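Asks: Pasting the sequence and the predicted model now:
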Amino acid sequence: MQVYLTDPKIVSGLNREARSGKLPLSQAAGRAIARGLQKSPQADPEDRLLHLERSLRDHMRSTARDMQIVQELLIEVARAFFVRLPDAIVDEDPTVQAAVDRRIERLLDATAARIVAGRTDRSLPDEDRPFGQTN
């Protein structure tokens, strides 16, 4: 039987297999064909990689959608908070604004530290706990 191969990658792969097994090229080709005709061939790594890529893409889409929902909810909470909170003259004080900014920064730092550590508990450090409150 004669087989004509036009793909140079297949030809080089067969040549490599023949050299590594110290076989004639025809026997290496026969073994490759036999492996291809097995009843239960091993899983194709490209199919697994393609499946993983699709799963990752689906996960990224759902995560983006979830983050959009969270952002919209956060905006609604902030809107409700600011509608119910009366403005005061003290709000314009730079010292008060700096204190608020510092508390927000500490809150963000603590949240980032919990995320990095893989923890989900919401216990506050001593300096951020309201007076008399314990964890």
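Replies: Everything's here; your move. Model, not experiment: these values are computed from the prediction. Numbering: from 1, shown residues only.
Asks: quick one: average confidence on the longest helix anywhere in the chain?
Replies: Determined from DSSP state H, the single longest helix within the chain is helix 45-84. When pLDDT is averaged along helix 45-84, the result is 88.
Asks: Pull out the buried positions in it.
Replies: For helix 45-84, a neighbour-count test (16 or more other CB atoms under 10 Å) marks nothing as buried. C-betas here are computed from N, CA, C, even on glycine.
Asks: and the next element down the chain from that helix?
Replies: Using DSSP states H and E, the helix or strand that directly follows helix 45-84 along the chain is helix 94-117.
Asks: State the pLDDT value of Val116.
Replies: With respect to pLDDT, Val116 has a value of 86.
Asks: And for Arg129?
Replies: On the pLDDT scale, Arg129 is placed at 53.
Asks: cool, the one 4 residues further on as well?
Replies: Looking at Gln133, its pLDDT stands at 50.
Asks: Which positions in the helix or strand Gly30 falls within come out as buried?
Replies: Assigned by DSSP H and E, Gly30 belongs to helix 25-36. Under the neighbour-count criterion of 16+ other CB under 10 Å, helix 25-36 has Ala28, Ala29 buried.
Asks: Counting by contacts, list what that helix packs against.
Replies: With contacts defined as 3 or more CB pairs under 8 Å, 6 or more residues apart in numbering; DSSP states H and E, helix 25-36 has these neighbours: helix 8-21.
Asks: what pLDDT, on average, does the helix it packs on get?
Replies: 89.
Asks: Off-centre distance for it?
Replies: 38 Å (CA atoms, centre = their mean, to the nearest Å).
Asks: Contacts made by that helix with the rest, please.
Replies: In this structure, residues lying in contact with helix 8-21 by CB atoms under 8 Å, 6 or more residues apart in numbering are Leu5, Leu23, Pro24, Leu25, Gln27, Ala28, Ala29, Arg31, Ala32.
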